[in-house]
Structure formats: C-alpha cells, structure tokens
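Structure for the following, please:
(2 chains)
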Amino acid sequence: MGETTILQFAPFSSAVDAGFWHKFTQLKLDVFHLSEDAVPITGSYVNSDAPGLPSRLSVEYDALDRNRVPSKWACSAVGTLINTNTVEEFRNRSKQELLKSSASVLWDAIISGSALEKPSVLASFLMFTFADLKKYHYYYWFAFPAFTLPKTIPLVKQPQCVSLILTDEQIASLVLACEGLGTDVDRGFFTLTQSGNEFGIHLLKDYPQIRTAASGTDREVYLAFSDPCTLPQNPGWPLRNLLTLVTLKWSHLWSVYKILCLRIRTRSGTKDATHSLVVDVDLKGVIDTDNPPDLPPFLGWEKNERGKMGPRMVNLSANMDPIRLAESAV
Amino acid sequence: GVAEYLTPVLKESRFKETGVLTPEEFIAAGDHLVHHCPTWHWVAADLNKTKSYLPHDKQFLITKNVPCYKRCKQMEYRSEQELVLESEGDPDGGWVDTHHYSDSAILEEKVADMSLEDKKASSTEDDEDDEEDEEDAADMEAFEESGMLEQDDPSVIQTSKKSSIALSPGGSIGDGGEILQTRTYDLHITYDKYYQTPRLWLTGYDESRQPLTVEEMYEDFSQDHANKTVTMETHPHLTGPPMASVHPCRHAETMKKICETVLEGGGELGVHLYLIVFLKFVQAIIPTIEYDYTYTFTL
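Take a look at the predicted model:
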C-alpha cells in the first residue's frame, strides 16, 4: 500500500484578510512611501479548524499594528513584509536571496538557542508584495522557511490518532491541561507530561530536564505543538522547524521522540481533542550534531492556486474602488 | 450614521417587552456565547472605532474560517429527493428523509447543470473587463519560476485537492485525508446602537482564498433574504471597505416573538441566551455556513 516510513508535513496555506489590504494601502501611502525596507508583521494560526480545511497561516487586518495584542486563542507567527514599488522589481528580485535572509535569521535563532526562549520564531514567514494601488491589484508571495535538515525524518511507526493511545478520560484531562496554554507556556510549542490521567504543560526549553527526571518512572514526556493541520495522517508545518531544533539540540541525548500534534475543535459547545495525532520519530544519526552547517539548504515558497511556484494576485477593485462601490451602493 | 449618533444608549432592560438589548445585556449574552461556543471570541476595535458604551476589549464577537461547502441552491428542497423511511421496529417510522437522494444522481446532475450555467455566466459577465482579465492571467503565469528546491522535497505532503461538491455518497466531509477546496466565511457580531440588537457581518473567501464579491456571497444567502435583508455597510468597529451585513431591522421583533412563544409554553427566556437564539434564527438566512450554533438549550 505504498506506506511512507518518513514523516511528511502539510505546508501552510496563506490566508490574507481582506481588511489587511486596506490597512496596508493606508500605510503604504502615509508611512512607507517608497521604502522597500523589511517591515515586521504578525501572523497567526489555529489548531481548531474544521476537518479538510487547509493549514492556514492568517494575516489579519491588524497584522502591521505594532501595538497588536496577541490573541488568546491563536498562535503567533513572526513575519517579515517586503514590498516592492514596481512590478518589474517584484518579478526580478531573486527569490532565493529573499528566502535566504529569512532562513538565516531563523537558523541563527535555532543555533543560538533563542528559539527555545521564544518558540514562535519556529513559525516564521516572509510576505513579499507588490501593490498596484491604482487598480486595487495586490500581488503577494508567502514563504514559510524551513530546512532540509534532517533531509527526511524516519518514523518509528505511522502517525496515530490520539484516541487509539489515550482513553476518553485522559483526552478530557489533556484538554483541561491545555486550557493553561498562552499564559506562561507558549501556545505554539511546549513540553507535555502525562502520568496516568494527569497531564501537565511545561516550557519547551525544559524538555531535557523533564525527560531526564522522568526516566525510570511511569511518566510519559511528549514534545507538543499546536497543529494547524486537519489531515488524519500528517502534522502541519510548525513541527518541521521544531524537529530541526530538536535534532541540533537534543538528538545526541535521545534519538526517539514522542510528539503530540495538538488539535482542539469545538463541537456543540464541547472542546474535543480526539483527532490529535501522536507521532514517533527516530532522529538517530540524521546529522552530525558536532558540526552543524553554516546554513543548511532551505525552502518554503508557497505554491500558487495552480500548484506552481509563483505568486498570487488578489483583485479588490470590487471591494475597494470608490467608483465601483458607489455603483453598487443603492 | 447621524441617527445612530443621536440615539441615546439604552440604559434599562426592555428585552422582555420589545426584544431589544442594552449594551450590558449584549456583553452578558456575548460572554455566555463565548463560554458555550468557544469558536466565538471577543475582540477589540480598530483605533478610533472603540465605542465607549462597550468595554474596549469586548467591542464585538468574531468567528473565523467557517466552512461553507455548498451554495444555497444546492440545498433547496426537491420532492424527488424524498424517501419515506421504512421502519423496522422503529416507533418513529414513517419519517420522511427529505434529502435522501441528494448525495447521488440528483446532486451530480445539479453540479453538471451548475458548471454549464457558471460558464455561461462568466463568459457574458466578463465582456467588459475581458482584456484586463486576460492580461492578468497571462501575467501571473509569467511570474512562475522553476528549478526551486521546493518542487522535489520528499518531506512535504503532495496534497491532493478535492472539490467539496464531488463528495462521495454518504462520505463525511473532510475525513478522506485530502484538503478540501471550499468557501469559508468570517462572521462578526456587533451591537447595533440604533436598533439596539446584535448585528451579523460576513466576509467570504472563495476556494483559493480570494475575497468573494457581494454577488458571489448572495449565493450563500437563502433566496428569501439575499438582496433584501443583506446589505453592504460600514463596519462600526473596523476601518475598511463596506462589509456584508444582515440588516437588523427585524431582529427585535423576531426575538420578541420567540420570547412570547417561550412564555406561552410556561418557560422564560433569559437575556443571556439572546445570542445563542439569535444565531439559530440567523441560520435560516445563511443555511450552508456551518458555524457553531449547536449548543443545545432548553426553552
């Protein structure tokens, strides 16, 4: 049945709020002017979407607002916006170089360990744009940088639905423990412990000491992350950079890792996590941890709606052009 | 508008008599909704769009990325879809399954009809911007690049995409391990100071995440309501282009009727349930948008 023995990730799908382009237009005219400097932008993703929906990375209307309050239910993604002034520049700029600068920042965060302090950088993204403000046409291309390090990740066994591993009572207790995410413990990436029916959430960076302390006890320790993917067999993109980090930092200590891909959906007013996944990976010998490369091969440009490597365009003249708005207003 | 500006904020509860809400009651009902349907969240307003009669972090409610798998006309009731269910020891036998055949031949036929229609519609519609559109399509392909590392990465899943219309009979949505191509909606509920009721706002996106035009969104409103109760207006808390909204002029009246029905039945409808009841009756207007309103309550 052609079963894969390597882990395959579902890439992010960009989802730009219609209101974002309105805000972006205002800022372009009033603040950015002709500057093509990189601008910080905040994205978000959730692990609660309906089955079958794409793993969505959202850029909301307030994504460029420096004073934006991080939402209490979504995970933050650290982004960079680069806007070009002409369509030629948008077309001709080296996509490899653009992605390289984002990948380098991410790589530095992984090597230095700052990604352990602030795990949301593991879900970083680049948004490359050109705005034809006269026509209300916006060209954009997202990249979600990741490394082919390790090149492939061997699975100990096929990803399993959590309901095959935990009892209903345990899953309910897991949901309850995860209510605490987003305050002291980062919602995106964390350490999860299980002892019988009790679950605990801890900082990602505390994983080694927790796992060491748990050895020889009945305590199970998971690497955990909020999984935007809704597919029954695959985890979402954030796990990819988490595993690069784990490979570099901890694979000399342990080779096998249990990962909980946390998905929580609300149905009929009840929170349900029975469709979360458990993934067991073996990172033994996938890289030489003593000699990490200066910058491993990187990738992450999003395919367009035709499945090709290319940007997307949104035409908002029907929603934003004052003349067309006046025509449709009755 | 000016009328809204001049309308004083409702201070005393008149919910039972007229079906309207004070801002405090709106907040209480919103808190209840968020607690029982956590897909809904309170959010703050845009700069300068904060209304002083609502707490700054509870200006309006939002739920995002709600799937909308089919258009309203695919939902319309057709008698040839009926099957009287035979009962085998079932006391409730004799129920009519009104959409029994809808997943099979009839749906396929409709889909075929629809694509023809759509083709026709688009070819006539596009006449005026034909030139511009063709130019765009060509441009976008010219932007595509080859030889990038992303193209043969073994660790990325090659997602097969599936149109939501082509569901196999009896197959449940989204369990097939495939990414569905479907429309989604973001829904907002604001407090309308003039009508003193909640008000529903919608932004729709198509299968490839392009914002829907008003005309396209009308396909997701029941035909009794599109063009009449759904209008494009300025959002009270967001700067930006107009957004589709269900006009609130009948909400209080509907709510009052529901209240009376409950009273006649010997019950009482608490004002905290307002938004849950509101979402149920709004569902008649947007029957195919699958937001969570299913929290059950006893009247």
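
tell me which helix or strand of the chain sits lowest on mean pLDDT?
Chain wasn't specified; assuming chain A. Confidence across the helices and strands of chain A bottoms out at helix A:322-328, with a mean of 71, counting by mean pLDDT, DSSP states H and E.

that's the wrong chain, I meant chain B
helix B:105-125 (a mean of 40).

which residues touch B:Phe143?
A:90-91, A:139, A:310-311 (Cβ atoms under 8 Å, 6 or more residues apart in numbering or on different chains). Bear in mind the C-beta positions are built from the backbone N, C-alpha and C, glycine included.

can you list contacts of the least confident helix or strand of chain A?
Outside helix A:322-328, the residues within contact range by Cβ under 8 Å, 6+ apart are A:317-319, B:214, B:232, B:241-242.

Which element, helix or strand, includes the nearest residue to A:Leu99 once chain neighbours are set aside?
Across the structure, with Cβ to Cβ, 6 or more residues apart in numbering or on different chains as the measure, the residue nearest A:Leu99 apart from its sequence neighbours is A:Ala143 (5.1 Å). Per DSSP states H and E, A:Ala143 falls inside strand A:137-147.

which residues sit in contact with A:Lys100?
Contact partners of A:Lys100, counting by Cβ under 8 Å, 6+ apart, are A:295, A:298.

partner strands of the strand holding A:Ala143, parallel or antiparallel?
Listed by DSSP bridges, the sheet partners of strand A:137-147 and their directions read strand A:125-132 (antiparallel), strand A:298-301 (antiparallel), strand A:312-315 (antiparallel).

Export that strand to PDB, keeping only CA atoms.
Extracted in PDB, the C-alpha atoms of strand A:137-147 (Å, rounded to 0.1, in the frame of the first residue of the first chain):
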ATOM      1  CA  HIS A 137      -4.500  44.700  -7.500                       C
ATOM      2  CA  TYR A 138      -2.200  43.200  -4.900                       C
ATOM      3  CA  TYR A 139       0.500  40.700  -5.800                       C
ATOM      4  CA  TYR A 140       1.900  38.600  -3.000                       C
ATOM      5  CA  TRP A 141       4.000  35.500  -2.400                       C
ATOM      6  CA  PHE A 142       4.400  33.900   1.000                       C
ATOM      7  CA  ALA A 143       7.400  31.800   2.200                       C
ATOM      8  CA  PHE A 144       7.400  29.600   5.300                       C
ATOM      9  CA  PRO A 145      11.100  29.000   5.700                       C
ATOM     10  CA  ALA A 146      12.200  25.500   6.800                       C
ATOM     11  CA  PHE A 147      15.400  23.500   6.400                       C
END
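
Give the rounded mean pLDDT of that strand.
When the per-residue pLDDT values of strand A:137-147 are averaged, the result is 96.

Heading C-terminal from it, find the next helix or strand.
Using DSSP H and E, the helix or strand that follows strand A:137-147 towards the C-terminus is strand A:155-161.

Dump that following strand to CSV, keeping only the CA atoms.
Provided in CSV are the C-alpha atoms of strand A:155-161 (Å, rounded to 0.1, in the frame of the first residue of the first chain):
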residue,chain,number,x,y,z
LEU,A,155,9.1,7.3,11.6
VAL,A,156,9.1,4.7,14.2
LYS,A,157,5.5,4.0,13.3
GLN,A,158,2.8,5.6,11.3
PRO,A,159,1.2,8.7,12.9
GLN,A,160,-1.6,7.6,15.1
CYS,A,161,-4.8,9.3,16.2
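
could you say what helices and strands it packs with?
With contacts defined as 3 or more Cβ pairs under 8 Å, 6 or more residues apart in numbering or on different chains; DSSP states H and E, the packing partners of strand A:155-161 are strand A:277-282.

Contacts for the strand it packs on next, please.
Identification of contacts with strand A:277-282 by Cβ under 8 Å, 6+ apart yields A:7, A:153-157, A:159-162, A:165, A:222, A:227, A:232-233, A:235, A:239, A:243, A:255-261, A:263.
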